[in-house]
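> sequence-free structure coming up:
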């Protein structure tokens, strides 16, 4: 089934998806006229290639992402450092569920690829199951590990025949995305599947 993704602030870069691949990229009006039966998904903001988060090991193996049922004891925000090490040392089985929740948080921030050497099977499996691409880690990391790292690292643009992998952010342009960060993500698509929807 064909799906046409349109972001209202970037109608010139609509993306037509056929299964797990991109069938076409171009102005919305042209793609809609060429494939009038395609399902249309309209989003606020801009459509981007999605983000590479270079902090895979730090966010998926060295950070504990609490289960919502633990909110009364551990809160809802990711836990790093000595406290995370203590949690994993007390119960190593928690790493797998934490990594899966960490991947979900990444998807909610427009991440479509991660970098860094993952050493635990649990984290590798979480990344693989989500369909995240694995990219090369920059020689110099930009700053502290974060779901919205500074600077943001955008992947190359979507191309026909390439993987249907991109993210949509509710911002006016890339300058606003840089200013406000990846928390503005409203949709993430990997392998042609909508893996995160913010609204």
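That came in fine, so what should we check first? Note that the structure is predicted; figures quoted are calculated from it, not measured.
> name the nearest residue to the spatially most central residue of the chain, sequence neighbours excluded.
Here the mean C-alpha position of the chain is nearest to the C-alpha of residue 111 (CA atoms, centre = their mean), at a distance of 2.2 Å. Nearest in space to residue 111, with sequence neighbours left out and distances taken as CB to CB, 6 or more residues apart in numbering, is residue 53 at 4.6 Å. (Each C-beta comes from the backbone N, C-alpha and C, glycine too.)
> against residue 172, how distant is that neighbour?
For residue 53, the distance to residue 172 equals 23 Å [CB to CB, to the nearest Å].
> who's more crowded, the two?
Shown here are residue 53 and residue 172; by other CB atoms under 10 Å, residue 53 has more neighbours (27 against 15).
> which residues in this protein form strands?
Secondary structure of the chain, counting by DSSP state E: strands at 2-7, 14-18, 21-26, 39-43, 46-48, 51-53, 111-115, 133-135, 166-169, 185-190, 193-197.
> centre of the chain to the fifth one, how far?
Just to be clear, that refers to strand 46-48. Put simply, strand 46-48 sits 13 Å off its chain's centre (CA atoms, centre = their mean, to the nearest Å).
> re earlier: please identify the most buried of the strands of the chain.
When those are scored by mean count of other CB atoms under 10 Å, the highest mean neighbour count falls to strand 166-169 (a mean of 30).
> so which elements touch it?
Judged by 3 or more CB pairs under 8 Å, 6 or more residues apart in numbering; DSSP states H and E, strand 166-169 is in contact with strand 2-7, strand 46-48, strand 111-115, strand 185-190.
> helices and strands around the last one, which ones?
With contacts defined as 3+ CB pairs under 8 Å, 6+ apart, the packing partners of strand 185-190 are strand 39-43, strand 111-115, strand 166-169, strand 193-197.
> got JSON lines for those, with mean pLDDT too?
As requested, these are exported to JSON lines (pLDDT from 0 to 100):
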{"stretch": "strand 39-43", "mean pLDDT": "97"}
{"stretch": "strand 111-115", "mean pLDDT": "97"}
{"stretch": "strand 166-169", "mean pLDDT": "98"}
{"stretch": "strand 193-197", "mean pLDDT": "97"}
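> of all the ones you listed, which lies closest to residue 20?
Nearest to residue 20 among the helices and strands packed on strand 185-190 is strand 193-197; the distance by CB to CB comes to 8.0 Å.
> got the contact list for the closest one?
By CB atoms under 8 Å, 6 or more residues apart in numbering, the residues outside strand 193-197 that reach it are 20, 41, 104, 107-108, 130-131, 185-189.
> quick check: pLDDT value at the nearest residue to residue 153 once chain neighbours are set aside.
Excluding the flanking residues, the one nearest residue 153 by CB to CB, 6+ apart is residue 52, at 4.4 Å. Residue 52 carries a pLDDT value of 96.
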